[in-house]
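Asker: structure, please.
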Amino acid sequence: MRIGELAGIVGVTTRAIRHYHHLGLLPEPERRSNGYREYGLRHAVVLARIRRLTELGLGLAEVRDVLADDAGRELAEVLAELDADLARQEAAIRERRERLRVLLDDAERGVLSAEGPVSPELGDFFAELARSTAGRDGPESAMAAKDRELLALIDTTAPREDRDRLLAAMRPALTTPGAVERAHEVYALLDALADADLADPRTEAAVDEAARALADALPDSLLEELGTEGVRAVADGLGRGEDRFLEAFFSDFAPAQAEAVRRGMRLLGERGAR
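Answerer: Below you'll find the predicted structure:
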């Protein structure tokens, strides 16, 4: 048989056959006087077995183990490993579908965050935020959008336990009386600093006002979670190997906004030191 005939009989491509030759999975046949390979029944049997094994999900390295006489691994062992791997994949797919179902439910209720997909815990937090701000007129605060983006970044990169503690520490900012109003006051003051010139004497008073409002709006639970030293580290833009992240965090703000946030965190740290 020619290579095209063998490929047609077994149901694979000629390219796959040449690849199997290259990997040593399929023995090279003898060649005719004209240089063409001449395949026999044995090649078709081995090739059909390779196809069946790969269709089960075995990688080509595992197929080589099964085919090799001295591999030391029986087919049953390889198949058991494959079954365990498929079970892990099945569990992962089931978890992903559950997360997708939550996101689709949020979309139907009109509370799907633009920063999504996020964890169910952060999704619940964003939903609470959306409920607390429902009915407000005017465009959304640019600083509020930055806050959500930062939380979504932490949601992706932080260990789950750290993320859950941070969200728990932030939740009083939505649930205590007057907290939402204070938060929106802070956002408005920070938004007003977007184009402010730090060299302008009038900006100094606006920065101080925004800093005091920020410190007043941040809950004690956040201070307890970060600790006084952690708050001061954020204020200084440094800390525990995270200086590049904090540098990027502050660089995303206008200069006057960044200064207001630094001062606000320093005031929060002073509150914790008392």
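
Asker: switch to C-alpha atoms for all contacts and neighbour counts from now on
Answerer: OK.

Asker: quick one: least confident helix or strand in this protein?
Answerer: Least confident helix or strand, the chain: helix 243-251 with a mean of 67, by mean pLDDT, DSSP states H and E.

Asker: buried residues, the following helix or strand past that one. List them.
Answerer: Toward the C-terminus, helix 243-251 is succeeded by helix 255-273 as the next helix or strand (DSSP states H and E). Neighbour counts over helix 255-273 (16 or more other Cα atoms under 10 Å) mark 255-269 as buried.

Asker: ok, now stretch 192-205?
Answerer: 192, 193, 194, 196, 198, 204.

Asker: repeat for stretch 37-45
Answerer: Within stretch 37-45, the residues that count as buried by 16+ other Cα under 10 Å are 39, 43, 44.

Asker: care to break the chain down by domain?
Answerer: 3-71, 140-273 (automatic domain parsing).

Asker: would JSON lines of the ones you listed with distance to residue 101 be doable?
Answerer: Converted to JSON lines, these look like this (distance: least, Cα to Cα, whole Å):
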{"stretch": "domain 3-71", "distance to residue 101": "28"}
{"stretch": "domain 140-273", "distance to residue 101": "19"}
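
Asker: ok, and which of those has the densest surroundings?
Answerer: Of the domains of the chain, the one with the most neighbours on average (mean count of other Cα atoms under 10 Å) is domain 140-273, at a mean of 17.

Asker: and it, how far out from the chain middle?
Answerer: Here domain 140-273 shows a centroid-to-chain-centroid distance of 23 Å under the convention Cα atoms, centre = their mean, to the nearest Å.

Asker: returning to that earlier point: rank the domains of the chain by pLDDT, which is bottom?
Answerer: If you rank these by mean pLDDT, domain 140-273 sits at the bottom with a mean of 82.

Asker: residues contacting the residue nearest to the spatial centre of the chain?
Answerer: Among the residues of the chain, the one closest to the centroid is residue 156, at 4.0 Å (Cα atoms, centre = their mean). By Cα atoms under 8 Å, 6 or more residues apart in numbering, the contact list for residue 156 reads residue 118.

Asker: quick one, longest helix in the protein?
Answerer: helix 75-109 (DSSP state H).

Asker: circling back to that earlier point, can I get the buried residues of stretch 37-45 in JSON lines with distance to residue 108?
Answerer: Listed next are the buried residues of stretch 37-45 as JSON lines, based on distance: Cα to Cα, whole Å:
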{"residue": "39", "distance to residue 108": "59"}
{"residue": "43", "distance to residue 108": "56"}
{"residue": "44", "distance to residue 108": "54"}
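
Asker: helices - which of these land there?
Answerer: Short answer: the buried residues of stretch 37-45 in helices (DSSP H) are 43, 44.

Asker: and the helices in the stretch 51-200 of the chain?
Answerer: 60-67, 75-109, 120-132, 142-157, 160-170, 172-175, 179-191 (DSSP state H, counting those that start in this stretch).

Asker: got CSV for these, with distance to residue 234 too?
Answerer: CSV is the format used below for the helices of the stretch 51-200 of the chain (distance: least, Cα to Cα, whole Å):
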stretch, distance to residue 234
helix 60-67, 50
helix 75-109, 32
helix 120-132, 22
helix 142-157, 14
helix 160-170, 15
helix 172-175, 19
helix 179-191, 17
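
Asker: nearest to residue 79 among the buried residues of stretch 192-205?
Answerer: residue 194 (61.4 Å; Cα to Cα).

Asker: my read: the closest one touches residue 254, true?
Answerer: Yes. Applying Cα atoms under 8 Å, one finds residue 194 in contact with residue 254, separated by 5.4 Å.

Asker: give me the pLDDT value at residue 1.
Answerer: 86.
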